[in-house]
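*Asks:* Any chance you can model this:
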Amino acid sequence: MLKTLGVAAIAALMMTGVAAADPIEGRWRTDAGSTAQITSCAGGFCIKLVSGQHSGKQIGKMSPEGKNSYKGTITDPANDKTYKGDATLSGNSLKMRGCVMAVICRSQNWSRL
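*Replies:* You can find the predicted model right below:
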């Protein structure tokens, strides 16, 4: 009985950790002044603009690559071109970077709202 209770407690703790929000989730102010919403989706995180000229567009998907580091794709909403991307979280700042052939890159620094 005690062994079963211990296993149940460990399982409950593990599920609580999974249910906790990842630090990248939330609302972010982009360099252009729009608001991007990052939410969990399909094993990663989807990025969607929720304000500004391109409101409603999904502009990326990232997967965790380590502590405060993410990799995936990012789309320029102005021309709908998609690039390999990465994100690095530092406190309330999120550095987003998209690259063509890992040589030509463009970065933005987003701030948490």
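*Asks:* Would you check that Q58 makes contact with F45?
*Replies:* No: the pair Q58 / F45 is not scored as a contact, 11.2 Å apart, by C-beta atoms under 8 Å. Every residue, glycine included, has its C-beta placed from N, CA and C.
*Asks:* who's more crowded, the two?
*Replies:* More crowded of Q58 and F45, by other C-beta atoms under 10 Å: F45, with 20 against 13.
*Asks:* Output the stretch of helix or strand the more buried one belongs to in PDB with nothing but the alpha carbons.
*Replies:* Taking DSSP states H and E as the definition, one finds F45 inside strand 44-49. The C-alpha trace of strand 44-49 is given here as PDB (Å, rounded to 0.1, in the frame of the first residue of the first chain):
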ATOM      1  CA  GLY A  44       6.500  22.700 -29.600                       C
ATOM      2  CA  PHE A  45       5.400  26.300 -29.600                       C
ATOM      3  CA  CYS A  46       3.400  28.200 -32.200                       C
ATOM      4  CA  ILE A  47       4.000  31.900 -32.700                       C
ATOM      5  CA  LYS A  48       1.000  33.900 -34.000                       C
ATOM      6  CA  LEU A  49       0.700  37.700 -34.400                       C
END
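*Asks:* which other helices and strands contact that strand?
*Replies:* The elements that strand 44-49 packs onto, with contact taken as 3 or more C-beta pairs under 8 Å, 6 or more residues apart in numbering; DSSP states H and E, are strand 35-41, strand 58-66, strand 69-76.
*Asks:* hmm, 10 Å instead?
*Replies:* Based on contacts counted as 3 or more C-beta pairs under 10 Å, 6 or more residues apart in numbering; DSSP states H and E, the elements that strand 44-49 packs against are strand 35-41, strand 58-66, strand 69-76, strand 81-90.
*Asks:* got a list of contacts for the shortest one?
*Replies:* Translated: strand 35-41. 21-30, 45-52, 54-55, 57-62, 70, 77, 87, 94, 96, 108, 110, 112-113 (C-beta atoms under 10 Å, 6 or more residues apart in numbering).
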